[in-house]
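Engineer: Build me a structure from this.
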Amino acid sequence: MPTALFTHPVCVEHENGFMHPESPDRLRAIQQILEGESFALLERHEAPAGQFEQIERVHAPYYVEAIFENMPKSGHTYLDPDTGMSPKSGEAALRAVGGLCAAVDEVVAGRARNAFCPVRPPGHHAERSQAMGFCLFNNVAVAAHHARHAHGIERVAVVDFDVHHGNGTQNAFFNDPNLFYASSHQWPCYPGTGMESDHGVADNICNLPLSPGAGSAEFREGYQKRVLPALRAFAPELLIISAGFDAHARDPLAQLRLTEDDYAWVTREMLAIAEDCCQGRVVSSLEGGYDLTALSQSVAAHVRALMGS
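Structural biologist: Residues are numbered from 1 along each chain as shown. Here you go, the predicted model:
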């Protein structure tokens, strides 16, 4: 079975404002590298628009309504100092959610071995009723609940290797024992959450804080000793990856020292667990990554691992 790719051209049209690190060039760089010959076997899909009903399983209806009521007709609107919207941001956010949900459909139905969704805006910082950290809707949390509602899947895991802790995902999962969230992230760093002492309602939260300057050795040891055993013990029916690539040594927003090989390694390790626990059902969604060369090369390593090459 192929690896599926879900994205949409409008995701390039979402803009946060002049010189913002979460820029359309991120997706352009990814699109360019994934046009290479080694990715010819990707099964490419246009992400459909997500539905309000799907989003409102995670976000407060009044918040969803407010996002679209405040969408600018020109220029930019800022929801917080970091998070902007432009005229196409609403459609882009719907396509990001819809792409993740469609990827879940494709993988659960057995039409794809796994899926990668290079979409924007990212999602893991978005809270139930608050946009933050460049994020409008929590794409992976919406996808997890879609898997439950549409396919009867109860146990869903999200593993997040973005350099920033996914506070929105943790909060969405914290009190549900059938949802598992694990995050490796720099500490201290934005948003200031993600303590190792956070365990959730039933040990369903696993945080791996890494000190500034930590690199491959610390990252791999933390996964081997804590994150991967916790994921295997949870035994998910579906694994979703919050794939942020800003822990790369070249990234300007933090100080971890990962390489492309680390992203390939951790992807293969998670795929092996998914094969044992959930018939290999994995959906990956783009989060951060702000050095364009590091981002595109890291995505390439991640997608090659998903493809089994």
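Engineer: Walking through the stretch 151-300 of the chain, point out its helices one by one.
Structural biologist: 167-173, 216-222, 228-234, 260-278, 292-307 (DSSP state H, counting those that start in this stretch).
Engineer: Remind me what the longest one packs against, helices and strands.
Structural biologist: Secondary-structure packing of helix 260-278 (3 or more C-beta pairs under 8 Å, 6 or more residues apart in numbering; DSSP states H and E): helix 216-222, helix 228-234, strand 238-243, strand 282-286, helix 292-307. Just so you know, the C-beta spots here come from the backbone N, C-alpha and C atoms, and that holds for glycine as well.
Engineer: other SSEs contacting the lowest-mean-pLDDT helix or strand in the chain?
Structural biologist: Lowest on mean pLDDT, DSSP states H and E among the helices and strands of the chain sits strand 77-80, with a mean of 96. Contacts defined by 3+ C-beta pairs under 8 Å, 6+ apart place strand 77-80 against strand 83-85.
Engineer: Out of the helices and strands packed on helix 260-278, which is the most enclosed?
Structural biologist: Of all the helices and strands packed on helix 260-278, strand 282-286 carries the top mean neighbour count, a mean of 29, counting by mean count of other C-beta atoms under 10 Å.
Engineer: returning to what we had before: present the helices and strands packed on helix 260-278 as JSON lines; the columns should include mean pLDDT.
Structural biologist: Formatted as JSON lines, the helices and strands packed on helix 260-278 follow (pLDDT from 0 to 100):
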{"stretch": "helix 216-222", "mean pLDDT": "98"}
{"stretch": "helix 228-234", "mean pLDDT": "98"}
{"stretch": "strand 238-243", "mean pLDDT": "99"}
{"stretch": "strand 282-286", "mean pLDDT": "99"}
{"stretch": "helix 292-307", "mean pLDDT": "98"}
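Engineer: Could you dump those into TSV with distance to residue 59 added?
Structural biologist: Output for the helices and strands packed on helix 260-278, formatted as TSV (distance: least, C-beta to C-beta, whole Å):
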stretch	distance to residue 59
helix 216-222	31
helix 228-234	25
strand 238-243	17
strand 282-286	16
helix 292-307	27
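Engineer: Nearest to residue 36 among the ones you listed would be which one?
Structural biologist: With C-beta to C-beta as the criterion, residue 36 lies closest to helix 292-307 of these, at 7.6 Å.
Engineer: if we look at the closest one, which residues are touching it?
Structural biologist: 3, 5, 25-26, 29-30, 32-34, 36, 38-39, 41-42, 113-114, 116, 118, 243, 245, 248-251, 260-261, 263-264, 267-268, 271, 282, 284, 286, 289 (C-beta atoms under 8 Å, 6 or more residues apart in numbering).
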